[in-house]
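Asks: below are the sequence and a predicted model for it; my questions follow.
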Amino acid sequence: MGVYPSIKLKNIKDKEMKKTVQIFSMLLIALTVMVSCKKDTDPADRDFFVGTYKGTVSYKNNETTINSSDGKVTVSKVGETYNFYFGSGIPDIKGVKFEQSGDNTYISVGTGVTGITINASTLKMLVVRGGETWTADCTR
C-alpha cells in the first residue's frame, strides 16, 4: 500500500505541471497576438508623400517663363505644413496645408495655394498666386 500514495502524488504533480505549462503557453500566445496586432498605421499618417517627384514642371510670371519636361519637385514637411522645392530657377512654394480627399489622396487648402493634389505616386499642381503660375505633372 505504500506504493500507491506515491504514484497518486506523482500523478497530481504531473497534472499541476501540465496545467501550469498550459496557462503559461496561453499567456505567451495572448501576448504575441496583442503585440503583433497593434493598430495599423495609415500610410497617410506617415507623410508618405514627402520625397521627390519627377516630371513636367513650369512657372510663369509677368517677366519669366520656365518650362521643364524633366523637372523635379521635392516635398518636405515642417510642422503641419508642406514645402515644395522646384529647382531650375522656379520659386519654391512654402507653408501649404492639406486636407484628405478619398483614400490617401490629399488636396491643398488655404488662400493662394489651392490646386495641388498629391498621393504616394503622383503630384499634380496648378497654383495661381499674385500674378505667378506654377504647374506640375509628376510621378515617383
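Replies: The structure has been received and is ready for your questions.
Asks: tell me which stretches of the chain form strands.
Replies: 51-60, 65-78, 81-85, 93-100, 106-109, 116-118, 122-129, 132-139 (DSSP state E).
Asks: now those strands in JSON lines, with distance to residue 11 and mean neighbour count?
Replies: (Glycine included, C-beta is placed from N, CA and C.) Converted to JSON lines, the strands of the chain look like this (distance: least, CB to CB, whole Å; neighbours: other CB atoms under 10 Å):
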{"stretch": "strand 51-60", "distance to residue 11": "66", "mean neighbour count": "18"}
{"stretch": "strand 65-78", "distance to residue 11": "66", "mean neighbour count": "15"}
{"stretch": "strand 81-85", "distance to residue 11": "70", "mean neighbour count": "18"}
{"stretch": "strand 93-100", "distance to residue 11": "63", "mean neighbour count": "16"}
{"stretch": "strand 106-109", "distance to residue 11": "67", "mean neighbour count": "17"}
{"stretch": "strand 116-118", "distance to residue 11": "69", "mean neighbour count": "21"}
{"stretch": "strand 122-129", "distance to residue 11": "70", "mean neighbour count": "18"}
{"stretch": "strand 132-139", "distance to residue 11": "71", "mean neighbour count": "18"}
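Asks: so which of those comes closest to residue 27?
Replies: With CB to CB, the closest approach to residue 27 among those belongs to strand 93-100: 39.8 Å.
Asks: the closest one pairs with which strands?
Replies: strand 81-85 (antiparallel), strand 106-109 (antiparallel) (DSSP bridges).
Asks: hmm, who's touching stretch 87-105?
Replies: Outside of stretch 87-105, the residues within contact range by CB atoms under 8 Å, 6 or more residues apart in numbering are 42-44, 48, 57-59, 64, 66, 68, 71-72, 74, 80-86, 106-110, 113, 116-120, 127, 132, 134.
Asks: no further queries at this time; thank you.
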